[in-house]
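**Student:** dropping the sequence and predicted coords here.
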Amino acid sequence: MASQNEGGWFADGEAYEGYVGRWSRVVGRLFTDWLSLPADLSWVEVGCGTGALTETILKHAYPASVTATEPSEGFLSLARGRINDSRAVFKSGDATSLPLKNAEADALVTGLVLNFVPDKQLAIQEMCRVVRPGGTVASYVWDYSGEMQLMRYFWDAVTELFLDGADHDEGKQFLICNPGPLEDLFRKADLQSVEVRALDAPTVFADFDDYWSPFLRGQGPAGAYCVSLSNDDRERLRNRLKDALPIESDGSIHLIARAWAVRGVVPV
Ligand SMILES: C[S@@+](CC[C@H](N)C(=O)[O-])C[C@H]1O[C@@H](n2cnc3c(N)ncnc32)[C@H](O)[C@@H]1O
């Protein structure tokens, strides 16, 4: 199977920022706090996108360096343009063939990426290859089938309204995004001391438009599905979501975005 990135889900960095980048930043902070790794390490980040997690590592994990890789040129150029830090290096690359040497990193992380890589076992082997013995490999993915609520409301409404809706549901497509499969993936790669936990980030929308308009910019599977609908069907979806979402009296919408985070140690 071709990389799903080739479908154009991740082409427009500015549009991605308003859709998921803003929430990945919040989860990224919970993730680096959970990892709680010492300062002055050499980090690698795989699938850095627009640099949401890269920035968090640079600000809060006190790294010696962060080498961030990403296959989408649109995302990479936004990350390069916005992150001006001598500790950060950006490289074009796919998770299954990283442009990096064996054992060059103390820690390798990847946020919201694993489910988009068709050959996950190859990707995890490749990630282990570039981390030194005793180093950390860690990842987080959305809880698409559970408490990644902004997407759960979206796909539940799609499934209710359209006959083929369930086929597109990320909760059904991305089975890796559950604690058991994540733990299995890490254990089968021979990672040690594997742990999985939930990270819950508040996602507060100022009003319905703040929730809805990012879907119209076509990023990720939900955005791509939304823009593929006819105007009438999109209007039906919009109305269904307006009815279903818990909209407060001041118009705001308070949801949570849960990510499953997993970590393991490369054997010594
Ligand atoms: C949901 S975005 C996450 C971006 C960023 N890590 C964040 O947290 O905001 C998914 C990212 O995975 C990247 N991606 C998709 N397929 C990939 C692959 N085979 N190897 C590496 N990255 C991939 C996409 O280009 C995109 O940047």
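**Tutor:** Nice, thanks for sending it over.

**Student:** Arg129 and Val266: what is the separation?
**Tutor:** 9 Å (CB to CB, to the nearest Å). In short, each C-beta sits where N, CA and C put it, glycine included.

**Student:** for these two, indicate the residue with more neighbours.
**Tutor:** Per other CB atoms under 10 Å, whichever of Arg129 and Val266 has more neighbours is Val266, with 24 against 16.

**Student:** my guess is Gly223 contacts Pro214, does it?
**Tutor:** Yes. If you go by CB atoms under 8 Å, Gly223 and Pro214 touch, sitting 7.1 Å apart.

**Student:** anything in contact with each of these two?
**Tutor:** In terms of CB atoms under 8 Å, 6 or more residues apart in numbering, Gly223 and Pro214 are both contacted by the residues Ala15, Tyr19.

**Student:** of the two, who's got more company?
**Tutor:** Pro214 (24 against 21).

**Student:** per-residue pLDDT, the more buried one?
**Tutor:** pLDDT recorded at Pro214 is 96.

**Student:** ok, Glu6 next?
**Tutor:** Value for Glu6, per-residue pLDDT: 44.

**Student:** ok, Glu17 next?
**Tutor:** pLDDT, Glu17: 89.

**Student:** so what's the residue count around the residue nearest to it when sequence neighbours are not counted?
**Tutor:** In this structure, Glu17 finds its nearest non-sequential neighbour in Thr50, 5.6 Å apart by CB to CB, 6 or more residues apart in numbering. Number of residues near Thr50 (other CB under 10 Å) recorded here: 29.

**Student:** Thr50 contacts Ala79, correct?
**Tutor:** Yes. If you go by CB under 8 Å, Thr50 and Ala79 touch, sitting 5.3 Å apart.

**Student:** joint contacts of the two?
**Tutor:** Gly13.
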